[in-house]
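A.B. asks: model the structure of this input:
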Amino acid sequence: MLATSSRILLRTATGIGGKTAVKALVARAGTSSYYSTLNNVTNTRVTPITHSSQPIKQQVAYKSALPVDHEDPIRGNYNSSVTYKGNDACDKAGISALGINGPNTIYKNQTFEQLFQHEVNNNEGKVASAEYGETFTVDTGKFTGRSPSDKWIVRNPGSESEANLDWGKVNQPTSPEVFDELYEKAVKHFNSLDKAYVFDGFCGANPKSQRKIRFVHEMAWQQHFVTNMFIRADDESALEGFEPDFTVINACSQVDEDWKKHGLNSEVAVVFNGGCNLEKKCAVIFGTWYGGENKKGIFSLMNYWLPMSNPPQFPMHCSANVGKDGDSALFFGLSGTGKTTLSADPHRALIGDDEHGWDEDGIFNFEGGCYAKTINLTEKTEPDIYRAIHKDAMLENVALKEQGKDLVPDYFDTSKTENGRVSYPIFHIDNYHEPQMAGHPKNIIFLSCDAFGVLPPIAKLSPEQAMYHFISGYTAKVAGTERGVTEPTATFSACFGAAFLTLHPTRYAELLKEKLEKHNAQAWLVNSGWSGGAYGVGERMSIKTTRSCVNAILDGTIENTTWTKDDVFGWEIPDSIEGVDSNTLQPRKTWPNQAEYDAAEKKLAGMYVENFKKYSGKGDVDYSIYGPKTV
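C.D. replies: Presented below is the predicted three-dimensional model:
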């Protein structure tokens, strides 16, 4: 029999979402973690999490974005929504200081229910009948992903940011004069509107390093996106005296017609101004509707702010989970390596799926939600993500098909893009870790999908090897995934997130090394790629094999085995793991022709070495000596 609180939710659901909403709530009500969330949702004080003998300090933290349904007494406790009308609306909303005074209606921190009504009334997209509930969907036009060649950072002469930023292809410099022109253009556009949407929220679950972020948007769905992805205040009182550390003015419907004069690459412009002291503390966005530009722009700033703080803190592009005893773990990996799948563990609570920090207290989520790919999504392959798609989630660039009178998501139709996405607040995952913080991790896992069939399913790394492979950030693309790719192609992305690094990669590697040594953490490589030959010849390792490797790490049983050192890569490979064929652990043994394996291993080792040349001599230590040997 359902608990009283669940019965209340079911009664509410029948009035707002029909059968699919009831199905979602019944599924959630069957888990003890959901009851725990319901019982503790009004408590804003973080529960102490212990790891080994050192407890994390009890702190006050804003919870992740929680939905509001005015008929629901629990959801009703989380409401910072306010609407300002009149000539002083912009002043009351806090955006008149930006020069924005034109709109006479400002919708600030709207509830999920209000945002849904705005989205529908504004005709900003369509309502899809997902299996677990109605979900709003949007089409972001020709930009279905980030536009990295159009991201710029203002190079302010003599500033702290000029001296510290890793200027180049990722952090392209533009001038203060160009920014000022674009800023004025964005302000002028908003002053021509009758209404605007403003979101005040937070990035970072730990109050010690939390940043206050303000977004100014044209459309309700964009406020919906940042409400899903950032940390939302519990109520209006939590925003009293709110002074943003950074503001994003998103004028996505406008373009920069003067892009050639401005020295940019196109009429699209995503331009950030500042460093720690953030000279203008502001960014402007033109020409791209893609929601991820909002999220990843702030992540890039956190990758600058945290290492530059005192003491330095470590920002990470990774997922994280925590066990019942407070034992946290990190999963670094590029797209397709299993980062989301492997961090979603029925025996462990999810902290977050993408962006985290590591400071003196432990690890913490930057975000209040998840932004997951939907390509080929099924309940069997990704149950947590599939079940998270219901009321308050939002689909981006996902194909819809007619089914009777309903529009139903078709995750296998990639005619629009292979980068279909869903954003949803973290609480949509039943087994999520409500404090969003945990103690210092003891295990750090680097995930790779090696299509050359060379890497072992698991390897133990020394601290120095961990630095080498962290800076390398290796995985592989396989034939058929992109036009022109006819054989496995190595992909290296520094720190498993090169596109978001604002400092030189070795700065982050040194922070990781410091954390590993201070907290006696162990780094591992886990390969979810091919065995018995390269892609097209061998077979991809089963999720069972990869999960068994991860389980052995997390439950500590891997320490009971013996080890064999690899002559080329230098890491140690376990001789046995429960649930994994011992031959699979030694990739050379799985190849029919071991001479061909040796040649493939030498080829991949050479790719590592060639890629790492650009990092040799950088930072305090030259980690190139800890990479594979090619002679």
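A.B. asks: contacts, neighbours, all on C-alpha from now
C.D. replies: Fine.
A.B. asks: quick one: low-confidence ranges for the protein?
C.D. replies: 1-78, 275-279, 478-487 (pLDDT under 70).
A.B. asks: check contacts around the residue most central in space within it.
C.D. replies: Geometric centre of the chain, nearest residue: D354, 2.8 Å, by C-alpha atoms, centre = their mean. Going by C-alpha atoms under 8 Å, 6 or more residues apart in numbering, D354 touches H317, C318, S319, C370.
A.B. asks: which among those residues count as buried?
C.D. replies: For these, a burial check counting by 16 or more other C-alpha atoms under 10 Å picks out H317, C318, S319, C370.
A.B. asks: closest one to E596 out of these, please.
C.D. replies: Comparing the buried ones among the contacts of D354 against E596 with C-alpha to C-alpha places C318 closest, at 34.1 Å.
A.B. asks: so what does F314 look like in phi/psi?
C.D. replies: For F314, the backbone dihedrals (degrees, to the nearest 10) come out as phi -110, psi 110.
A.B. asks: cool, and V120?
C.D. replies: The phi/psi pair for V120 (degrees, to the nearest 10) reads phi -70, psi -50.
A.B. asks: what is the burial count for the residue lying closest to it once chain neighbours are set aside?
C.D. replies: Leaving aside its chain neighbours, V120 sits nearest to K126 (7.4 Å; criterion: C-alpha to C-alpha, 6 or more residues apart in numbering). The number of residues packed near K126 is 16, by other C-alpha atoms under 10 Å.
A.B. asks: again with M607
C.D. replies: M607: 17 surrounding residues under other C-alpha under 10 Å.
A.B. asks: and what of L554?
C.D. replies: L554 has 18 nearby residues by other C-alpha under 10 Å.
A.B. asks: next one: the one 5 residues further on
C.D. replies: The criterion is other C-alpha under 10 Å. On that basis, E559 has 12 neighbouring residues.
A.B. asks: hang on, it in a helix?
C.D. replies: Yes - under DSSP: H, G, I helix; E, B strand; the rest coil, E559 falls within a helix.
A.B. asks: hmm, S328 is touching H440, no?
C.D. replies: Yes - counting by C-alpha atoms under 8 Å, S328 touches H440, with 6.7 Å between them.
A.B. asks: so what does the host helix or strand of L115 touch, helix or strand wise?
C.D. replies: Here L115 sits within helix 112-121, counting by DSSP states H and E. With contacts defined as 3 or more C-alpha pairs under 8 Å, 6 or more residues apart in numbering; DSSP states H and E, the packing partners of helix 112-121 are helix 220-229.
A.B. asks: hmm, back to that, separation between the residue nearest to the centre of the chain and W289?
C.D. replies: 21 Å (C-alpha to C-alpha, to the nearest Å).
A.B. asks: again, but for N520
C.D. replies: According to C-alpha to C-alpha, N520 stands 44 Å off from W289.
A.B. asks: tell me which of these two has more neighbours.
C.D. replies: Between N520 and W289, counted using other C-alpha under 10 Å, the more crowded position is W289 (24 against 14).
A.B. asks: on that earlier part again, how far off centre is the helix holding L115?
C.D. replies: 25 Å (C-alpha atoms, centre = their mean, to the nearest Å).
A.B. asks: quick one on the thing from earlier: grab the two from the contacts of D354 that are most spread out in space.
C.D. replies: Farthest pair in the contacts of D354 (C-alpha to C-alpha) is H317 and C370. Separation: 13.0 Å.
A.B. asks: need the next SSE after the helix or strand where I351 lies, C-terminal direction.
C.D. replies: Taking DSSP H and E as the definition, I351 sits inside strand 349-352. Under the assignment DSSP H and E, the closest C-terminal helix or strand after strand 349-352 is strand 355-358.
A.B. asks: parallel or antiparallel, list what pairs with that following strand.
C.D. replies: Partners of strand 355-358 in the sheet, by DSSP bridges, are strand 314-322 (antiparallel), strand 363-365 (antiparallel).
A.B. asks: so which of the ones you listed gets nearest P244?
C.D. replies: strand 363-365 (19.3 Å).
A.B. asks: what are the ranges of the strands in the stretch 51-200 of the chain?
C.D. replies: With strands called from DSSP state E, counting those that start in this stretch, the stretch 51-200 of the chain shows them at 54-55, 82-85, 105-108, 126-130, 133-138, 151-154, 172-174, 195-203.
A.B. asks: export the ones you listed to CSV and tack on distance to D180?
C.D. replies: Below are the strands of the stretch 51-200 of the chain laid out as CSV (distance: least, C-alpha to C-alpha, whole Å):
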stretch, distance to D180
strand 54-55, 48
strand 82-85, 28
strand 105-108, 24
strand 126-130, 36
strand 133-138, 31
strand 151-154, 10
strand 172-174, 11
strand 195-203, 21
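A.B. asks: those strands: which one's closest to V398?
C.D. replies: Closest among these, using C-alpha to C-alpha: strand 133-138, at 7.5 Å.
A.B. asks: the longest helix in this protein is where?
C.D. replies: As assigned by DSSP state H, the longest helix anywhere in the chain is helix 594-612.
A.B. asks: now that one: buried residues?
C.D. replies: Counting neighbours by 16+ other C-alpha under 10 Å, helix 594-612 gives Y597, A600, E601, K602, L604, A605, G606, M607, Y608, V609, N611, F612 as buried.
A.B. asks: so how many other residues sit close to A269?
C.D. replies: If we define neighbours as other C-alpha under 10 Å, then A269 has 26 of them.
A.B. asks: quick one, phi psi at it?
C.D. replies: Backbone torsions of A269, given as degrees, to the nearest 10, read phi -150, psi 130.
A.B. asks: so how far is F199 from it?
C.D. replies: A269 sits 21 Å away from F199, going by C-alpha to C-alpha.
A.B. asks: in stretch 612-621, what counts as buried?
C.D. replies: Within stretch 612-621, the residues scored as buried using 16+ other C-alpha under 10 Å are F612, Y615.
A.B. asks: which residues does stretch 251-265 contact?
C.D. replies: With C-alpha under 8 Å, 6+ apart as the test, stretch 251-265 has contacts from 149-150, 174, 178, 182, 186, 189-190, 217-218, 266-269, 284-289.
A.B. asks: let's see 7 Å
C.D. replies: Residues from elsewhere that reach stretch 251-265 (C-alpha atoms under 7 Å, 6 or more residues apart in numbering): 149-150, 178, 186, 217-218, 266-268, 285-289.
A.B. asks: for stretch 590-608, same thing?
C.D. replies: V454, S531, G532, G533, N583, T584, R588, P628, K629, T630.
A.B. asks: emit the ChimeraX select command for whichever of those residues are buried.
C.D. replies: In ChimeraX syntax, the buried subset of those is picked out as below (16+ other C-alpha under 10 Å):
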select :454,531,532,533,584,588,628
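A.B. asks: mind checking how far stretch 498-513 is from the chain centre?
C.D. replies: Counting by C-alpha atoms, centre = their mean, stretch 498-513 comes out at 17 Å from the chain centroid.
A.B. asks: still on that earlier bit, as JSON lines, the buried ones among the contacts of D354 with distance to M229 would be great.
C.D. replies: Shown next, in JSON lines, are the buried ones among the contacts of D354 (distance: C-alpha to C-alpha, whole Å):
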{"residue": "H317", "distance to M229": "15"}
{"residue": "C318", "distance to M229": "15"}
{"residue": "S319", "distance to M229": "15"}
{"residue": "C370", "distance to M229": "6"}
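A.B. asks: for those residues, which one is nearest G619?
C.D. replies: After measuring the buried ones among the contacts of D354 against G619 - C-alpha to C-alpha - the closest member comes out as H317, at 20.5 Å.
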